[in-house]
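Visitor: Quick one: sequence plus predicted model below, questions after.
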Amino acid sequence: MATAGDNNALPHIPVAEQTPTIRLLLAFIERQQEIIQKQQAELEALKTEVARLKKLPKKPKIRPSTLPKDDDDNDDGDGNGDQGGENNTPSRKRKKTLIIHQTKIVKPEHLPAGSRLLGYEDFTVQDLLIQPHNTRYRLARYLTPEGERLIGVLPEELEGGHFGITLKGYILYQYYHQRVTQPLILQQLTEWGIDISSGQISNILTENKEGFHAEKDELLTAGINHSTYIQVDDTGSRHQGKNGYCTHIGNAAFAWFSSTRSKSRINFLELLRGAELGYAINAAALDYMRTEGLPQGPLALIGQNEDTLFDDSGAWTDYLQQRGITNERHVRIATEGALLGLLVANGFPLDLAILSDDAGQFNILLHALCWIHADRVFQRILPLNDIHAKALSWVHTQIWEIYSDLKQYQRQQAPDLKLAIEHHFNELCRTRTAFATLNQAIKRLARNKDELLLVLKRPDIPLHNNLSEGDIREYVIKRKISGSTRSENGRRCRDTFTSLKKTCKKQGIPFWEFLRDRIRRQHLIPYLPDLLSGRACLLPDA
């Protein structure tokens, strides 16, 4: 940031002395300085790339040290966790009652004859049993008096494989929950004496998962139909060596992920469409096309076929081509409208709020914006002198004052507070400073007024999109560890198990117990879509 003492700082010229020519020159100089700053950043990036190609030592990243957060399980209620080592006895009574699998009585050494037993002092030790456990099933074969041959049948959960429930659940848990790579899982199991190959591990991770996929696919519809809002975000996702995207849709009750080649609005609408493959022309579709600026000619042609359904993309594409609608922009707007029309026809809740970070593909229906991302526009602005810095700091203060008032309004919807927030926001948007870049950012804030202040009409909507960013970080970490997927089954399984894992966590279900229950096909843990829709509830011991 430039200061008054910097050689490159612009001199302060009083507003009264700023002629039109001077204002143009100041704006031009500011623009040039922004270009120089951008070029300097690009130059640093090129230097880093050259150093990488030449295999030069990387510039060290020195991060600030942070104290580890106390785990809730180690908190004794007064903010002080256990301070001892692994052999120290905790200073508090454990909250969880442990299941005792074995009891051993330890008598004192050299116990004198005639000693009287006074009772026992318990000392509990937790441990794990890690060892192979192989079972041979001998399928008895019989010949009936009628000459029919009968043979015993394996338990249903063991059909089609030579690996037990616990081992398959462990592999799924390690890979999808603990983020352990397949080579490390293979090494670990081999060292434990398990006779298994890398191909068999891959099959356990990706093959015959139709039950899991079906449960994941129904999560989205159940979550949307029984929520007042959803939060959305996306991130990069490579598949078969090509760049793609993963979209997250969820809220505090569920999380749903899907990897695709695109992150367009058409792609988002197709994800919301779910298993349906059709398109619909109806009033909602035509209103959307009209709002998005579809020319009158194509709009009139499409309007002639109102209340028409199309079974798939092929039928829809043929329909547009037969009417001469081939312009790329016109096709895009018409397709978006037809997808939205199908959602409305299928009962999509039009009062469902969609909270995003201002990515254009999510801006449909009742759209809300994240205040954290709105402020990031101002955080990226670099002031060029003290006057600019002071103005930028003032704007930051106003934004967070409005944010604080909105939080208060969510707790208690007072009409006078609502009017005060709207007035404060309008006054901020009318502000003009001597910093042209800051003025442009304020204008952008004003254009987003309806989305940022939607919470005044819908206090149930969060003010930020941190939940979605936190959910999708799970996918980012897995991508960094394991890279891209190579098979379609692998990509689908990554989306499925990430969705189920995050939803289990939000519903208070241990993912390990969920996996074992589904592999056993017991379904003692309720079907997750039924939990979201209220058709089922968790049992006390689930």
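Guide: Yes, it's here. Residues are numbered from 1 along each chain as shown.
Visitor: in the stretch 151-300 of the chain, which spans are strands?
Guide: Per DSSP state E, counting those that start in this stretch, the stretch 151-300 of the chain carries strands over the ranges 229-239, 242-250, 255-260, 279-281.
Visitor: partner strands of the last one, parallel or antiparallel?
Guide: Meaning strand 279-281. strand 308-310 (antiparallel) (DSSP bridges).
Visitor: got the buried residues for the partner strand?
Guide: Residues of strand 308-310 classed as buried by neighbour count (16 or more other C-beta atoms under 10 Å): Phe310. (C-beta placed from N, C-alpha, C; glycine too.)
Visitor: Show me how far it is from its chain's centre.
Guide: 33 Å (C-alpha atoms, centre = their mean, to the nearest Å).
Visitor: what about Asn225, distance to Cys246?
Guide: Look at Asn225 and Cys246: by C-beta to C-beta, to the nearest Å, they are 23 Å apart.
Visitor: who's more crowded, these two?
Guide: Cys246 (24 against 14; other C-beta atoms under 10 Å).
Visitor: now that one: how far from Gln131?
Guide: Relative to Gln131, and taking C-beta to C-beta, Cys246 is found at 38 Å.
Visitor: which strands and helices sit next to the longest helix along the chain?
Guide: Scanning the chain for the helix with the most residues, using DSSP state H, yields helix 20-53. With contacts defined as 3 or more C-beta pairs under 8 Å, 6 or more residues apart in numbering; DSSP states H and E, helix 20-53 has these neighbours: helix 436-447.
Visitor: List of residues touching the helix it packs on?
Guide: The contact list for helix 436-447 (C-beta atoms under 8 Å, 6 or more residues apart in numbering) reads 26-27, 30-31, 34, 374, 377-378, 381, 388, 391-392, 395, 428-429, 431-433, 452.
Visitor: one more time with 7 Å
Guide: With C-beta atoms under 7 Å, 6 or more residues apart in numbering as the test, helix 436-447 has contacts from 27, 30, 34, 374, 377-378, 381, 388, 391-392, 395, 429, 431-433.
Visitor: which one of these has the most neighbours?
Guide: With neighbours defined as other C-beta under 10 Å, the most crowded of the contacts of helix 436-447 is His388; it has 23 neighbours.
Visitor: what's the pLDDT at that residue?
Guide: For His388, the pLDDT comes out at 92.
Visitor: That one: helix or strand, and which one exactly?
Guide: Secondary structure assigned from DSSP states H and E places His388 in helix 386-411.
Visitor: Tell me where the model's unsure across the stretch 101-250 of the chain.
Guide: In the predicted model, the stretch 101-250 of the chain carries pLDDT under 70 at residues 160.
Visitor: Swap in 80 and give it another go.
Guide: Filtered on pLDDT under 80, the stretch 101-250 of the chain yields the residue ranges 157, 159-161.
Visitor: Then the chain?
Guide: 1-18, 23, 26, 48-96, 157, 159-161, 535-542.
Visitor: Kindly present the strands of the stretch 151-300 of the chain as CSV, with separate columns for distance to Gly169.
Guide: Below are the strands of the stretch 151-300 of the chain laid out as CSV (distance: least, C-beta to C-beta, whole Å):
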stretch, distance to Gly169
strand 229-239, 26
strand 242-250, 25
strand 255-260, 21
strand 279-281, 41
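Visitor: To Leu456, which of these lies closest?
Guide: strand 229-239 (14.5 Å; C-beta to C-beta).
Visitor: That concludes my questions; thank you for your assistance.
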